[in-house]
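Visitor: Coordinates for the following, if possible.
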Amino acid sequence: MDRVLGIFVDGIGAAAATSGVLTQLQGRIFALLYLHPGPLSLDEIAAELGQSESNISIQVRGLVEWHLVRHTRLPGSRKDHYEAATDFWRVMQEIMERRFRWNLRQVLATVDETTRAMEGGGKAAERERAAFIATRLGALRAFFAAVDFGLGAFARGKAITPEELQKVVPLPSPRLRHGR
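Guide: Numbering: from 1, shown residues only. Alright, predicted model coming up:
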């Protein structure tokens, strides 16, 4: 691997390792394929990255699931070949929808379940604690609902207007925002 390719492969691998979505090796595979002018076979990828073909095969499957790499056939070859995706809007839509929105919705479901569990408070001290918790849950719900709305708009390729966002999360009045 030449120096330029090595810098890119290692850098994308490092970025992938901290993404929470891909492994370092998946990042390196994607980077290699992205800067290669044509599809590569599993054994070519393995040789270039100094990995076993079986390990590369497992990692490539994950990349295919994330739509970062696609399987392709070359005329006259019985081997599987792969190439990197180049439509980053589509890739990010998939990642946002499958990874981040699922997490956001999990938080929202937990907030709703906790809110339901608090209904029907008893003593004054319990009501005071319940009011505190309800305020905190409301703030958490508002934030995550706004982020979920934004990610949904991104995934659909839509703009986020203040008016649309305010339908999901009422924005505080200007006077309240400056007071903090």
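
Visitor: Which residue, other than its chain neighbours, is closest to residue 38?
Guide: Spatial nearest neighbour of residue 38, chain neighbours left out: residue 83 (7.2 Å); criterion: CB to CB, 6 or more residues apart in numbering. C-betas here are computed from N, CA, C, even on glycine.

Visitor: bridging residues for the one you found?
Guide: residue 70 (DSSP bridges).

Visitor: what's the burial count for it?
Guide: Neighbours of residue 83 under the rule other CB atoms under 10 Å: 16.

Visitor: Repeat that for residue 110.
Guide: Around residue 110 there are 14 residues (other CB under 10 Å).

Visitor: What of residue 32?
Guide: By the measure other CB under 10 Å, the count of residues near residue 32 is 23.

Visitor: surely it meets residue 9?
Guide: Yes. Judged on CB atoms under 8 Å, residue 32 makes contact with residue 9 at a distance of 5.4 Å.

Visitor: okay, and the common contacts of those two?
Guide: Both residue 32 and residue 9 are contacted by 1, 49, under the criterion CB atoms under 8 Å, 6 or more residues apart in numbering.

Visitor: tell me the domain ranges of this structure?
Guide: For the chain, automatic domain parsing gives the domain ranges 3-84, 88-178.

Visitor: Pick the most deeply packed of those domains.
Guide: Most buried of those, by mean neighbour count (mean count of other CB atoms under 10 Å): domain 3-84, with a mean of 16.
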